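Trainee: what follows is a predicted structure for the sequence shown.
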Amino acid sequence: KAGVTQTPRYLIKTRGQQVTLSCSPISGHRSVSWYQQTPGQGLQFLFEYFSETQRNKGNFPGRFSGRQFSNSRSEMNVSTLELGDSALYLCASSSLYRGGAYNEQFFGPGTRLTVL
Amino acid sequence: GESVGLHLPTLSVQEGDNSIINCAYSNSASDYFIWYKQESGKGPQFIIDIRSNMDKRQGQRVTVLLNKTVKHLSLQIAATQPGDSAVYFCAEFTGGFKTIFGAGTRLFVKA
């Protein structure tokens, strides 16, 4: 079974631009979460989607948005990029949460975004 | 606010020794915890999990201990190997489909 894939793997943008990152979850997984990883702040939760619905959102400005498609693939968008947005953006997928129990998240390799 | 932290940012151990990585969490409502391993250039990889109704769980060479009284997690790695060198994160789930990660501990294994 293929793992979580993220594209592109590396991206360089300039301040003020916008960027769209893509994540394809493991086949059959319907939950997709996004995280931002930086040396200073560590791994921070951005948002989680399930069946095209955002179920939770972290403490990030509205410039960060996401969506999920009917095939569970997800995209996140960052508008008006700032230097501080430079980070590794990680996507993780999980199978359905059953009866309140959580299931393991599988992470992709991440997209390394550099904002100049 | 909610937070998950680690006592030691770096840990250096001799190959063959046991390693213990610690984590403190602040939300007593958290009911599920995971330890992840992240190697350079890769995403975090699941190691072991534990639910709040347990205080110990063992895997292959790894054991997670949960002390809800003091809100503390630990990851024990037996017979540490060079391939165990990585950054280790604890993560807590508080419900609401949101995961909070700790800052991470870098484990160095000396041959």
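Mentor: Okay, I see it. Here the structure is a predicted model, which means the values were calculated and not measured.
Trainee: center of chain A - which residue?
Mentor: A:Trp34 (2.8 Å; CA atoms, centre = their mean).
Trainee: from A:Phe106, how far out is that residue?
Mentor: For A:Trp34, the distance to A:Phe106 equals 14 Å [CB to CB, to the nearest Å]. Bear in mind the C-beta positions are built from the backbone N, C-alpha and C, glycine included.
Trainee: give me the common contacts of those two.
Mentor: Shared contacts of A:Trp34 and A:Phe106 (CB atoms under 8 Å, 6 or more residues apart in numbering or on different chains): A:Ala92.
Trainee: you'd agree B:Gly102 is up against B:Cys23?
Mentor: Yes: under the criterion of CB atoms under 8 Å, B:Gly102 makes contact with B:Cys23 at 5.2 Å.
Trainee: between the two, which one's more packed in?
Mentor: B:Cys23 (28 against 25; other CB atoms under 10 Å in any protein chain shown).
Trainee: and that one, which of the three is it?
Mentor: strand (DSSP: H, G, I helix; E, B strand; the rest coil).
Trainee: any idea what it is bridged to?
Mentor: B:Leu73 (DSSP bridges).
Trainee: for B:Asp49, see how far away it is.
Mentor: 13 Å.
Trainee: these two touch, right, the residue nearest to the centre of chain A and A:Gln44?
Mentor: No: counting by CB under 8 Å, A:Trp34 sits too far from A:Gln44 to count as a contact (9.8 Å).
Trainee: what's the closest non-adjacent residue to B:Ser52?
Mentor: Of all residues not flanking B:Ser52 in the chain, B:Asp31 sits nearest, at 4.2 Å (CB to CB, 6 or more residues apart in numbering or on different chains).
Trainee: near chain A, which residues of chain B?
Mentor: B:32, B:34, B:36, B:41-46, B:49, B:51, B:89, B:91, B:93, B:96-104 (CB under 8 Å from any CB of the partner chain).
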